[in-house]
Every structure is written in structure tokens, then in C-alpha cells.
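Trainee: can you look at this prediction? I've put the sequence above it.
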Amino acid sequence: MVLTRRRHRPRAAHLPGVAVGPGLRRLGWGVADQGLSALGNFLLFVIAARSVDARQFGAFTLAVATYGILTVVNRALAMEPLLIRLSGGDPEQRAAARSASGAATALAVAEGAVVAAVGVALDGPVGTALVALGALLPALACQDALRYVAFARHRPAAAFASDLVWTSLEVPLMVAVVLTGRAGAAWLIVAWGAASVPGALIGGRALRTGPDVRGARSWLTRHLDLAPHLTADSLIVSGAGRAVLFLVALSTSVVQVAVLRAAQVLYGPVNVLTAGVQALGLAELNRERSDPRRLAWATTRVSGLLAATAALWTVVLVAFGESLGPVLLGDIWDTARGVILPVGVHQVASGASLGPFLGLRVREAATDTVRLRLVVTVVLIVAGFAGAVAAGARGAAVGMAGGQVLTTAWVWRAWRHHTAPRSR
């Protein structure tokens, strides 16, 4: 399963007594689901890296990145309007949930046809992987849409159950593909995508709902006013890393994509922690929003925790990589080892920037947040592409690391300016 950043923001209850319990339980399920998604990502790429050669792994990476971009777009167009305008469990919301999930599925059918056509036009493992993705995109989109329905109904446990089924099945299915001797990017995509079908069925059964594609067009039209902002914001938030992967493929080769992604996979444990902090952090920081000093200190603690964890994990990888790397990545480790350090610097700087971004969201500074994220995204893409042209995967990693360090310093400067006392 692939994690793309969600907009659902669990709300922690602040009232004493019985009201705290349900709110904290929902928050706990939300954090667990974020962590499970990150863990699923990690296992997905570890199995792929150990099962195929660098060229096939690069093709697998590009196919999954394509899914990630399309999922972000579908969420913005179809599912996030449900979270914004019709959260709850009343009859109107239930009808809206069927239309929203139907819209996401219908979009995926059209996108899947285009992706499959592009795959047919391309040669090699990238083409066959895209054909497989195009065929399974509607099932993947349906599972993701029902997860969003669960959050809209304040039932994150149903989303967790759906993700748990998907993750529990994708591992044995991918292993089965490897054992049959058919390991390749396309077959791994088939195994991964097929595992989402039972996950969608479990989610739909738990919520007693399903997609209604007949209401797709009216749903998309009715919420078209939200589409430009939500789509742009979503792509800004999650687009830099994926864009660099495609630019590396265009400027060098699919093998260099494999090298860069393999090094990033080793930071899976850090990403699991980051996913949990993102889900829990907003609710916790929200408690300090009335006191600027306490909020500033809380954001510092969040950034410090993530940066220190990434730094410690980088030390572990550098010190024990020769024994740990081949276990997780197989033969790809031999080429990925030279990219570990710059990827680690990027992870440290990225973790250090999360606190200010969460703080800005708590302060509801939407304009500042979008402006900062846009600058960070552009810098990372330009620096990563320039590095890839100069020195392949290692150059891309160095470029992104340098860009992240510079933009993190700028983000902290903007955050301090935002929280500084205003003179009267």
C-alpha cells in the first residue's frame, strides 16, 4: 500500500469526562492507520527490491509513483470535498459518500485506460508495469475512497481494518509471485493491486456502503469550486519526491531511479514514525495554540524528535549498512550504498521542517503554508533534477539534500517571524 499524505485531521476532544474517550480513540485509530500505511510502503518496496534486478525495480518504482500522483488528484477532486463539507453519518452524508467514492472510482477507470495506453506505447518493464497498473487502478482507487469515507464518518477503525487486510495480503501475494519465478515489475504490481480488492470489500462491508458511479458526474460538478485549490495544494505537498523520480528516469535511466529509491526505502522506519507524528502532532499542537510560546516550544520538540531519529538511523545505516543493506535490498544495495548519506541529510532536514508546518496549520495560516510549500517543492525539484543531470542518482540525492537544508532554514525563519510578538 502506498502512502500519500491525507488531509483528514483528527480532532482531539478537550472536554472532561466521557467526551474525551471517543475522540482519543478516533485519534488513536488514525495514528495507527498512518503507521500501518507507512509500514506497508516499507514492506512493499523491500520485497520488490529483493526480488528483481535494478531495471525492474526502477520500473516498479515509477509505476507506484504514477499511482501516488493519480491518487492525490482523485482525493482532491472527489474525496476531500466529502471531508470538508459532509462529514458525519446522517442519511445525506451516506448518499454523498456513495457518490464521492463512485466519482473517485470513475476517475480511476478513465485514468487507468490512459495509463495502460501509455504502457502499451512504451517498451520494456516500465511499459508492462504501467499496463498492469492501468488495469488495477479502479480497484486501488475504490479501496482508497472507502478509507476516506471511513474518516468522513469518524470511523477510522474501519479504515485501519481495510488497510490491515490489504497489507496482510500484499506480502504473501508478492512472495507467491517471487516463488513462481515470475518476479518482475508488472507481476509485482498485479499482486499488490489485487490485494487491495479484499481490503475494499472489508471497508465497504464495515461501512455498509459502496461506490455509486451514477452519481459521479454530479458530485464532481457540484464541488468543482474546490478542485483547483485542493489539487494544487495536494500536488505541492506530495509532488516533489515523485517528480524527481520521473526526472531522474528522463535524464539518466530507470536503473538510476532504482538506486535512488532503494536508498530511500532504507528510511522506512523513520517514515513510520513521521506518519504517526503527523497524525498525532496536529491534535497535540492544537492544545497549545492559545499560547504562542508553548506552541513554539512544541513545534521545536516535534522537529527535534524527527531530526534526531533520522540522524540516528543514518548513523546506524552507515555503521551497519554492509550487513543490514543486503538483507533489505538484496543486490541493489551495492549501488545504493553511495546514496545513503545524502538521503540521510535530506531526511534529517525534512524532519526538522515538520514542526513549523504543523504549527502554521494549527495557526490556520493557509496562505503562508501554501507559499512555503510551493517554494520548497520547486527548490527540491530543480536541485534534484540538476543533480541528476550532473551525477545520476547520487547527484539527485545531493541536490535534494542541499535544497532541503536551505529551505528548512527558511521555513524556520518564516515560522519565527509568524510567531514573533507584534508591536502595537
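Mentor: Looks like it came in fine.
Trainee: only C-alpha atoms for contact and neighbour calcs from this point on.
Mentor: OK.
Trainee: the bottom helix or strand of this protein by mean pLDDT?
Mentor: Ranked by mean pLDDT, DSSP states H and E, the weakest helix or strand in the chain is helix 268-286, scoring a mean of 79.
Trainee: and the following helix or strand past that helix, which residues are buried?
Mentor: Toward the C-terminus, helix 268-286 is succeeded by helix 292-329 as the next helix or strand (DSSP states H and E). For helix 292-329, a neighbour-count test (16 or more other CA atoms under 10 Å) marks 292, 295-296, 298-300, 302-307, 309-311, 313-314, 317-318, 321, 324-326, 328-329 as buried.
Trainee: coming back round to it: helices or strands up against the least confident helix or strand of the chain?
Mentor: Here helix 268-286 touches helix 20-51, helix 292-329, helix 340-362, going by 3 or more CA pairs under 8 Å, 6 or more residues apart in numbering; DSSP states H and E.
Trainee: what's the closest of these to residue 167?
Mentor: Set against residue 167 and scored by CA to CA, these come closest in helix 20-51, at 5.7 Å.
Trainee: report the buried residues of that closest one.
Mentor: Applying 16+ other CA under 10 Å to helix 20-51 flags 23-51 as buried.
Trainee: same question, stretch 55-68
Mentor: 55-68.
Trainee: please apply the same query to stretch 185-196.
Mentor: Residues of stretch 185-196 classed as buried: 185-196 (neighbour count, 16+ other CA under 10 Å).
Trainee: now do stretch 198-215
Mentor: For stretch 198-215, by 16+ other CA under 10 Å, it's 198-204, 206-207, 209-213, 215.
Trainee: which of these fall within helices?
Mentor: 198-204, 206-207 (DSSP state H).
Trainee: what's the pLDDT at residue 237?
Mentor: pLDDT, residue 237: 75.
Trainee: for residue 123, give me phi and psi.
Mentor: Torsion angles at residue 123 (phi, psi; degrees, to the nearest 10) stand at phi -100, psi 160.
Trainee: gap between stretch 382-400 and the chain center?
Mentor: Taking CA atoms, centre = their mean, to the nearest Å, one finds the center of stretch 382-400 at 22 Å from the center of the full chain.
Trainee: residue contacts, the spatially closest residue to residue 286 that is not a sequence neighbour?
Mentor: Leaving out its chain neighbours, the residue that sits closest to residue 286 by CA to CA, 6 or more residues apart in numbering is residue 362, at 5.7 Å. Going by CA atoms under 8 Å, 6 or more residues apart in numbering, residue 362 touches 282, 285-286, 289.
Trainee: which one of those residues has the most neighbours?
Mentor: Greatest neighbour count in these, by other CA atoms under 10 Å, goes to residue 285: 22 neighbours.
Trainee: contacts only, for that residue.
Mentor: With the criterion set at CA under 8 Å, 6+ apart, residue 285 makes contact with 295, 298-299, 358-359, 362.
Trainee: so where is the stretch 51-200 of the chain shaky, pLDDT-wise?
Mentor: Within the stretch 51-200 of the chain, the stretches with pLDDT under 70 are 87-90.
Trainee: perfect, that will be all.
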